[in-house]
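*Asks:* Predicted model, plus sequence, below.
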Amino acid sequence: MSWGKNKILISSLIFLLLLMLPLLFSGFFSNSSAGNNFFESLGVNDWLQAFEEIDRRINGGAGYANHLDTTGYLSWRQSRIMDSYLNLYEATQNSNYLEKFIYQADLVLMHRDDYMRGGVTGVE
């Protein structure tokens, strides 16, 4: 892999880690059966595997796509997660990341205001 692809993977992981800071400090990961330190419990040194494990731990891999955007979860958190999926697809050409992006984008679109209120009236 070239440095450009590694840079994309690392930046995606950093985005995901920043989203998880509140969980890290709250002790969310301290109950891991493999140990007290979340990253030690992964038992891996691979960025991609670390990303996938962190992604899995955010609502079972669904990110924040099921949240209403009244608190900014979609705009400030989910958007970064979805951007990471596109970056990982670009870096690895693994279509699973693209499929995950599409699935979560559909969930986000189902929570938009006009959809939740039964459509926008007066718009042609």
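*Replies:* Nice, I can see it.
*Asks:* What does the pLDDT read for Arg77?
*Replies:* On the pLDDT scale, Arg77 is placed at 82.
*Asks:* Regarding it, what is its secondary structure?
*Replies:* Secondary structure, DSSP: H, G, I helix; E, B strand; the rest coil: Arg77 is helix.
*Asks:* Just the buried positions in the helix or strand in which Arg80 is found, please.
*Replies:* Here Arg80, judged by DSSP states H and E, is contained in helix 79-92. Neighbour-count burial for helix 79-92 flags Ser79, Arg80, Ile81, Met82, Ser84, Tyr85, Asn87, Leu88, Tyr89, Ala91 (criterion: 16 or more other Cβ atoms under 10 Å). No exception for glycine: its C-beta is placed from N, CA and C like everyone else's.
*Asks:* and that helix, what does it pack onto?
*Replies:* helix 3-25, helix 47-57, helix 95-110 (3 or more Cβ pairs under 8 Å, 6 or more residues apart in numbering; DSSP states H and E).
*Asks:* so of those, which one's packed in deepest?
*Replies:* Sort the helices and strands packed on helix 79-92 by mean neighbour count, taking mean count of other Cβ atoms under 10 Å, and helix 47-57 sits at the top with a mean of 17.
*Asks:* which residues does Leu13 contact?
*Replies:* Going by Cβ atoms under 8 Å, 6 or more residues apart in numbering, Leu13 touches Trp47, Ala50, Phe51, Ile54, Ser84.
*Asks:* Same question for Thr71.
*Replies:* Counted by Cβ under 8 Å, 6+ apart, Thr71 has zero contacts.
*Asks:* Also Ser12?
*Replies:* When contacts are counted by Cβ under 8 Å, 6+ apart, Ser12 touches Phe51, Asp83, Ser84, Asn87, Leu88.
*Asks:* Excluding chain neighbours, what is closest to it?
*Replies:* Among residues not flanking Ser12 along the chain, Ser84 sits closest, at 3.8 Å (Cβ to Cβ, 6 or more residues apart in numbering).
*Asks:* That neighbour contacts Leu16, doesn't it?
*Replies:* Yes - at 5.8 Å, Ser84 counts as touching Leu16 under the criterion of Cβ atoms under 8 Å.
*Asks:* what residues are shared contacts of those two?
*Replies:* Phe51, Asp55.
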